[in-house]
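Chemist: build the 3D model from these lines:
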Amino acid sequence: MEKIFHQPLGGNEMPRFGGIATMMRLPHLTSAAGLDAAFIGVPLDIGASLRAGTRFGPRGIRAESVMIRPYNMATGAAPFDSLSVADIGDVPINTFNLLDAVRIIEEWYDRILEHDVMPLTLGGDHTITLPILRALHRKHGKIGLVHVDAHADVNDHMFGEKIAHGTTFRRAVEEGLLDCERVVQIGLRAQGYTADDFNWSRRQGFRVVQAEECWHKSLEPLMAEVRAKVAGGPVYLSFDIDGIDPAWAPGTGTPEIGGLTTIQGIEIIRGCHGLDLIGGDLVEVSPPYDTSGNTSLLGANLLYEMLCVLPGVKRR
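Modeler: Here you go, the predicted structure:
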């Protein structure tokens, strides 16, 4: 069967404010069959601990993706000439039961991964990464991780619950999903519940890059270190939008000052080029807290940058 290289709908074919609201105005397909990469929405916010609203994240990101054009003029990446890509819609989560929603997400990704597709997920709160990692682990084995976030998300529990957006990566370690010597967390900052909060990650073998290490500098040198750390196996990229300073990304549930710039966010993703990336997610966009749409716009562009660094993408 001949591969179809789906193209985003151009601004001269249909006004950018018109047409169906898919990621980058790509075709909406109901199956991942025949695709190399797929955009998937997970509209979940019942795992969030402060401000709700990430259930609207996938819709907001799609709406703000209409200006993104096919070719990356900085890197030369031509993802739509290289891979078959489409938007396969949203996971039908259980709005009222977090554990059942996690089960649904996990089973949904099991079915998606039967097609050897690289999933790029529009979140949703950070709870969604745990079931995605479970499904990916069944297919790929232990996974390396590049995790951008203001928070380590390694709490043992939140309000007594073992699964929530702040416990994701502790559960992933406990379940043996991660290759802990190939994990990097970038952008961690602010305060902890204990003085030892970030050290739990370090004890697992993670490289922890606190935000202060990133201030006033390009992150290209850091990403050379990151590539050396996580290379040698499959890698997942999980990007919490609150890793970016709220000056640029106010539309999120748990904002923290002193964060990364949008330029540094792009540097991190572009610095993942050449890794064996098996997928990625962009989580914690909460459009109700940013009526300008800028946070969703940033999320859409970061997802496009993720697409551009997937294995198999040609560079002009």
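Chemist: which SSE is the closest residue to Gly293 other than its chain neighbours in?
Modeler: Once flanking residues are discounted, Gly293 sits nearest to Glu64: 5.2 Å by Cβ to Cβ, 6 or more residues apart in numbering. Using the backbone N, CA and C atoms, a C-beta is placed for each residue, glycine as well. Assigned by DSSP states H and E, Glu64 belongs to helix 57-64.
Chemist: just for the chain, where's the confidence low?
Modeler: 1 (pLDDT under 70).
Chemist: what residue is smack in the middle of it?
Modeler: Centroid-nearest residue in the chain, with Cα atoms, centre = their mean: Asp281, separated by 1.9 Å.
Chemist: identify the residues contacting the residue nearest to it when sequence neighbours are not counted.
Modeler: Spatial nearest neighbour of Asp281, excluding adjacent residues (Cβ to Cβ, 6+ apart): Thr121 at 3.9 Å. Contact partners of Thr121, counting by Cβ atoms under 8 Å, 6 or more residues apart in numbering, are 39-42, 128, 132, 279-283.
Chemist: next SSE after the helix or strand containing Thr121?
Modeler: Per DSSP H and E, Thr121 falls inside strand 118-123. Using DSSP H and E, the helix or strand that directly follows strand 118-123 along the chain is helix 129-140.
Chemist: just how off-centre is the helix or strand following that following helix within its chain?
Modeler: For helix 129-140, the following helix or strand on the C-terminal side (DSSP H and E) is strand 143-148. Distance of strand 143-148 from the chain centroid (Cα atoms, centre = their mean, to the nearest Å) equals 10 Å.
Chemist: and the next helix or strand past strand 143-148?
Modeler: helix 168-174.
Chemist: that following helix packs against which elements?
Modeler: Other helices and strands packing on helix 168-174, by 3 or more Cβ pairs under 8 Å, 6 or more residues apart in numbering; DSSP states H and E, are helix 129-140, strand 143-148, strand 178-188, helix 197-204.
Chemist: got the buried residues for the first one?
Modeler: Residues 129-137, 140 are the ones in helix 129-140 that count as buried (16 or more other Cβ atoms under 10 Å).
Chemist: can you check the last one too?
Modeler: Neighbour-count burial for helix 197-204, counted by 16+ other Cβ under 10 Å, picks out 198, 200-201, 204.
Chemist: which residues are contacting it?
Modeler: 152, 154, 169-170, 173, 180, 183, 185, 188, 192, 208, 210.
Chemist: could you check the angle helix 129-140 makes with the strand holding Thr121?
Modeler: In terms of direction (axes from the mean of the first three to the mean of the last three Cα atoms, to 10 degrees), strand 118-123 departs from helix 129-140 by 170 degrees.
Chemist: now the angle from strand 118-123 to helix 57-64?
Modeler: The directions of strand 118-123 and helix 57-64 differ by 100 degrees, with the same axes, to 10 degrees as the criterion.
Chemist: and strand 118-123, which strands flank it?
Modeler: Using DSSP bridges, strand 118-123 pairs in its sheet with strand 37-42 (parallel), strand 276-283 (parallel).
Chemist: closest to Thr295 out of the helices and strands packed on helix 168-174?
Modeler: Nearest of the helices and strands packed on helix 168-174 to Thr295, taken as Cβ to Cβ: strand 143-148 at 14.6 Å.
Chemist: sorry, back to before: let's have the contacts of helix 197-204 in JSON lines, adding neighbour count.
Modeler: Shown next, in JSON lines, are the contacts of helix 197-204 (neighbours: other Cβ atoms under 10 Å):
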{"residue": "Ala152", "neighbour count": "22"}
{"residue": "Val154", "neighbour count": "20"}
{"residue": "Phe169", "neighbour count": "29"}
{"residue": "Arg170", "neighbour count": "20"}
{"residue": "Val173", "neighbour count": "18"}
{"residue": "Cys180", "neighbour count": "17"}
{"residue": "Val183", "neighbour count": "25"}
{"residue": "Gln185", "neighbour count": "25"}
{"residue": "Leu188", "neighbour count": "25"}
{"residue": "Gly192", "neighbour count": "13"}
{"residue": "Val208", "neighbour count": "19"}
{"residue": "Gln210", "neighbour count": "15"}
